[in-house]
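J.: using only what follows, build the 3D model:
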Amino acid sequence: MRNLFSTKVKIILVVAALLTAALAIYSGISNQSLPSVIVQGVLAPFRAAGTTLTNTAEKYYSYMFRYEALDAANKVLEERIAQMEDVARQADSVARENERLRKLLDLKATNEDYKLVDAYIIGWSSSDWESTFTINRGTNAGIQENMCAITANGEVVGLVTEVGVNYAVVKTVLDSTLEISGTISTSGYNGMVKGGYTSGNDTLLQMNYLPSDSIIRNKDQVVTSGSTVYPRGLIIGSVVDAGYEETGVAKFALLDPAADINSLEQVFIITAYTTEVVTTPGTSTGSETATAPTETAAATQPTTPVG
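T.: Below you'll find the predicted structure:
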């Protein structure tokens, strides 16, 4: 036992001597004192740990700085995007207003005898048999009941049926209770046009009471015959089909509406217009201005076409 202990002591002493010699040699090479070398050896692990902590801290603060810089830049970018979007909205609004004024001027230029009020659609109400919308103009703009609504291209949209101070309700040509006197422009045949006819996915108009011997062709254009409500020559639609009514004594025609009712945003209300006054066939005695129309919408259900 004593021999084993003595052997361990000897080994420790030998290792200590070797370390001392190594440190002495390193001290001589590095021109540092032995105690300094020993201290540096002891402190080296702590220095390494400190360096690691310092590097980690520097990386963290660098990351935080970059994050804050990126966050600030992102906020600036978001503000600029918001400003650009606001400018784009304003530009779009100006463009829409310019387009509105251009359409109004064009419409007035081609229809000098019309007094027009432009309006935007602010609400819709529709079903299988009814089709109405609300506009943002009313009596404060000179609009009254039974005034005609048209598009910028002079296509019939419908009839004003209700008016408030700053709004009005328009019943469209697709409504089954609205009837308009129409004429097939190519042949001169007259009939009554009404909405509420559905064929597949298409909502069509039906022109009734056409002569049984009338010749009706596809794409024939149908226009207003002229009345105290609808000026003569406004486009109602074009023929897509025809046949005989159930009685067999008259024909009907199905029309594709000229106005794309479901995509409308803006309409024009005819508040007054000049029309010829005819006393005898073929004789014109002058003109008069029609205002405050009196023609009303007929409350009848559509006739089911046959043939």
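J.: contacts and neighbour counts: CA atoms only from here.
T.: Will do.
J.: next, count neighbours for L77.
T.: By other CA atoms under 10 Å, the residues close to L77 number 12.
J.: which strand or helix spans it?
T.: Using DSSP states H and E, L77 maps to helix 34-110.
J.: three-state assignment of I236?
T.: Classification of I236 using DSSP: H, G, I helix; E, B strand; the rest coil returns strand.
J.: pLDDT below threshold where in the chain?
T.: Low-confidence segments of the chain (pLDDT under 70): 1-51, 53-55, 57-61, 63-65, 67, 100, 128, 198-202, 275-307.
J.: please save the CA atoms from the next helix or strand after the helix holding L77 in PDB.
T.: Scanning forward in sequence from helix 34-110 by DSSP H and E, the next helix or strand is strand 114-126. Output in PDB follows, covering the C-alpha atoms of strand 114-126 (Å, rounded to 0.1, in the frame of the first residue of the first chain):
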ATOM      1  CA  TYR A 114     -82.600  66.600 -74.000                       C
ATOM      2  CA  LYS A 115     -82.200  68.100 -70.600                       C
ATOM      3  CA  LEU A 116     -80.200  65.500 -68.600                       C
ATOM      4  CA  VAL A 117     -79.300  64.800 -65.000                       C
ATOM      5  CA  ASP A 118     -76.500  62.300 -64.400                       C
ATOM      6  CA  ALA A 119     -76.600  60.000 -61.400                       C
ATOM      7  CA  TYR A 120     -74.800  57.100 -59.900                       C
ATOM      8  CA  ILE A 121     -76.400  53.800 -58.700                       C
ATOM      9  CA  ILE A 122     -76.200  53.400 -55.000                       C
ATOM     10  CA  GLY A 123     -78.300  50.300 -54.400                       C
ATOM     11  CA  TRP A 124     -80.100  47.400 -56.200                       C
ATOM     12  CA  SER A 125     -83.200  45.400 -55.600                       C
ATOM     13  CA  SER A 126     -84.200  42.600 -57.900                       C
END
